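[1] Take this sequence and fold it.
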Amino acid sequence: MLIRLDQTGEIASPCLPVPQPEDLRRKELPELFDALNYVLKKFKFKTGANDQYIYMVLGALMNEYKKSAQKESDATWK
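    This next block holds a predicted model:
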């Protein structure tokens with residue numbers, strides 16, 4: 001599931017991923033990183049979180065993606 005941001009950078013609403021050609025996805029990666037960086041900086045400013053806390057949050061998010069990918073992989077081979 002992708003997250004769409006409105007003009008203020010706030011999360012607008014979840015939306016379903018749309019299959020796209022690889023060259024278009026490559027062009028969107030810098031935009032994705034910019035949006036993630038903006039959201040993280042805004043979160044740090046509003047909450048006073050430090051880089052270590054952000055690192056921990058991103059690590060937890062990465063672990064969730066790993067679990068999800070593993071479940072999908074396991075389901076594929078059943």
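[2] by contact count, what packs against the host helix or strand of residue 28?
    Under the criterion of DSSP states H and E, residue 28 resides in helix 22-47. Applying 3 or more C-beta pairs under 8 Å, 6 or more residues apart in numbering; DSSP states H and E, one finds that helix 22-47 contacts helix 51-76. Any C-beta I mention is one placed from the backbone N, CA and C, and that applies to glycine too.
[3] hang on, the earlier thing: how much does the helix holding residue 28 deviate in direction from helix 51-76?
    Using axes from the mean of the first three to the mean of the last three C-alpha atoms, to 10 degrees, the inter-axis angle of helix 22-47 relative to helix 51-76 is 140 degrees.
[4] ok, residue 40 - how many residues close by?
    Applying other C-beta atoms under 10 Å, we find 15 residues neighbouring residue 40.
[5] quick one: it and residue 54 touch, right?
    Yes - between residue 40 and residue 54 there is a contact under C-beta atoms under 8 Å: 5.8 Å.
[6] just the CA coordinates of stretch 45-56, formatted as CSV?
    What follows is stretch 45-56, C-alpha atoms only, in CSV (Å, rounded to 0.1, in the frame of the first residue of the first chain):
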residue,chain,number,x,y,z
PHE,A,45,10.4,18.8,14.8
LYS,A,46,7.0,18.1,16.2
THR,A,47,8.0,15.4,18.7
GLY,A,48,11.6,16.3,19.5
ALA,A,49,12.7,12.8,18.5
ASN,A,50,16.4,12.4,17.9
ASP,A,51,18.2,10.5,15.1
GLN,A,52,18.6,7.4,17.2
TYR,A,53,14.8,7.2,17.7
ILE,A,54,14.2,7.7,14.0
TYR,A,55,16.7,4.9,13.3
MET,A,56,14.8,2.6,15.7
